[in-house]
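*Asks:* here's my sequence, what's the structure:
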Amino acid sequence: MIEAGRFREAQDVVDQGLEQAPGHPELLYWKAVIALNTNRSEQALEVLTRLVEQGRALPPHRLLLGQIYEARQDWQNAAESYRPLATLGSSRQASLFLARVEIRRRNYDAAIATLKPWSSSQNPPEVEHLLGLAYFGKGDLPTAAPHLEAAVRQSPRQAGYRYDLGLALLQGGRFEAAAEQFERATELDPQWPEAFLYLGRALHDANRGEEALQAFQNAGNLNPQLPLLHHHLGLLQKGRGNFDEAIVEFQEEIDSGTNYAPAFHHLAELISRRGQAERGRQLAERAVELDPGNAEFRMLCARLALESGQPEEAQAHLMVALEEEPDLGPAHYLLGRVLQARGQSEEAAREFAEARRLGDLKSRRTPNP
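*Replies:* This is a model prediction of the structure:
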């Protein structure tokens, strides 16, 4: 009856059963299922939660309860619903669900540990996919990519697998390979605006500007309010030297309320070159506020502070940048300029020398004796 959508009849059958056996776990399970399918999730949640509190919840109850919490993006309660089943090591489905929720919670090591009992030389695609996402979340791209590639090999028509592999390849600087995965994802799911968005980003990074613009337009046609669309269009226009158009796009991204730090950074960089120093500083500071550990953002703030005659503030930003990236040559050079402006010539000379040394290493040249 439930599969046929005959929920009223199914409800009558369940109610009759519960009159004879009020606490029957299986009947209560179907009562919760019917409630969910008739837009009464609160009732379903109440039924299942009571079973858990009474210690009478069976694996199907906990799985359904976890799915309700997932639908509400209540990741903590979802994890607590799945964890007892996954801990027993008897339910791969529960382990997969728990790993997925742990990834949502950014508990990447916990997700990997949850999947370990089910990991082997022949992992099923869903295990490979989740392992890839967990390692990707940790920033371990060399480990993430093979897992994501394995998932795609085993399920080549799964658009989501290709999309996530594309993100990992894009993060690793493999732009053509990323574009291939995003393009295949859009072929499998032509109504997926995010896939078109990141196809455009990969094509842009691969210096295929016209194709990138078309991909961005496709994304915008599917969802004109798509977050980060204007940011990526801004990057495209900035790369082409169309700075007026880029400024408009970055401003639209900021006005949309996404609070995406790079949009503030790029707009600050562009308008500060046009004499809008104070507004540029405000935007650059906002980018730092949103992402305090970003060395590039700190360097722009430092440069703008130095140009406005505030070397102390500039130095404070640079110290944070160098704490994050000690071998960042341009930061050492800019710190040299700041120290020079503060009359600390010997310290400035040391920073200039360090900037040259790091530049020599980067370009694989031998420093002059």
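*Asks:* low-confidence ranges in the stretch 51-200 of the chain?
*Replies:* Applying pLDDT under 70 to the stretch 51-200 of the chain flags the ranges 88-90, 121.
*Asks:* tell me how far the residue positioned nearest the centre of the chain lies from Gln93.
*Replies:* Geometric centre of the chain, nearest residue: Gly137, 8.0 Å, by Cα atoms, centre = their mean. Remark: distance between Gly137 and Gln93 (Cβ to Cβ, to the nearest Å) = 22 Å. Just so you know, the C-beta spots here come from the backbone N, C-alpha and C atoms, and that holds for glycine as well.
*Asks:* could you do Pro190 as well?
*Replies:* Distance, Pro190 to Gln93, by Cβ to Cβ: 30 Å.
*Asks:* what's the answer for Arg356, then?
*Replies:* According to Cβ to Cβ, Arg356 and Gln93 sit 58 Å apart.
*Asks:* can you read off the pLDDT for Arg365?
*Replies:* As predicted, Arg365 sits at a pLDDT of 52.
*Asks:* circling back: neighbour-wise, which of Arg356 and Gln93 wins?
*Replies:* Arg356 (16 against 13; other Cβ atoms under 10 Å).
*Asks:* what helix or strand is that one located in?
*Replies:* helix 345-362 (DSSP states H and E).
*Asks:* quick revisit: which residues are in contact with the residue nearest to the centre of the chain?
*Replies:* Counting by Cβ atoms under 8 Å, 6 or more residues apart in numbering, Gly137 makes contact with Ile103, Arg106, Tyr108, Ala111.
*Asks:* would you confirm that Gln171 contacts Asp140?
*Replies:* No: between Gln171 and Asp140 no contact is recorded; they are 11.0 Å apart, counting by Cβ atoms under 8 Å.
*Asks:* now Leu170: how far from Leu148?
*Replies:* Taking Cβ to Cβ, one finds Leu170 at 12 Å from Leu148.
*Asks:* which one's more surrounded, those two?
*Replies:* More neighbours surround Leu148 than the other of Leu170 and Leu148, with 28 against 21 (other Cβ under 10 Å).
*Asks:* wait, that one touches Leu141, no?
*Replies:* No: with contacts counted by Cβ under 8 Å, Leu148 stays clear of Leu141, the gap being 9.9 Å.
*Asks:* overlap in contacts of these two?
*Replies:* Contacts common to Leu148 and Leu141, judged by Cβ under 8 Å, 6+ apart, are Ala168.
*Asks:* before we move on, the earlier item: now, which of the contacts of Gly137 sits nearest Arg337?
*Replies:* Using Cβ to Cβ, Arg106 comes nearest to Arg337 of the contacts of Gly137, at 38.2 Å.
*Asks:* list the contacts for the closest residue to Gly293 other than its chain neighbours?
*Replies:* With sequence-adjacent residues excluded and distances taken as Cβ to Cβ, 6 or more residues apart in numbering, Gly293 is closest to Glu324, at 5.3 Å. Going by Cβ under 8 Å, 6+ apart, Glu324 touches Gly293, Asn294, Ala295, Arg298.
*Asks:* buried sites along the helix or strand hosting Thr143?
*Replies:* Counting by DSSP H and E, the element that carries Thr143 is helix 141-154. For helix 141-154, burial by neighbour count (16 or more other Cβ atoms under 10 Å) applies to Leu141, Ala144, Ala145, His147, Leu148, Glu149, Ala150, Ala151, Val152, Gln154.
*Asks:* for it, packing partners?
*Replies:* Packed against helix 141-154 by the contact rule (3 or more Cβ pairs under 8 Å, 6 or more residues apart in numbering; DSSP states H and E) you find helix 125-137, helix 159-171.
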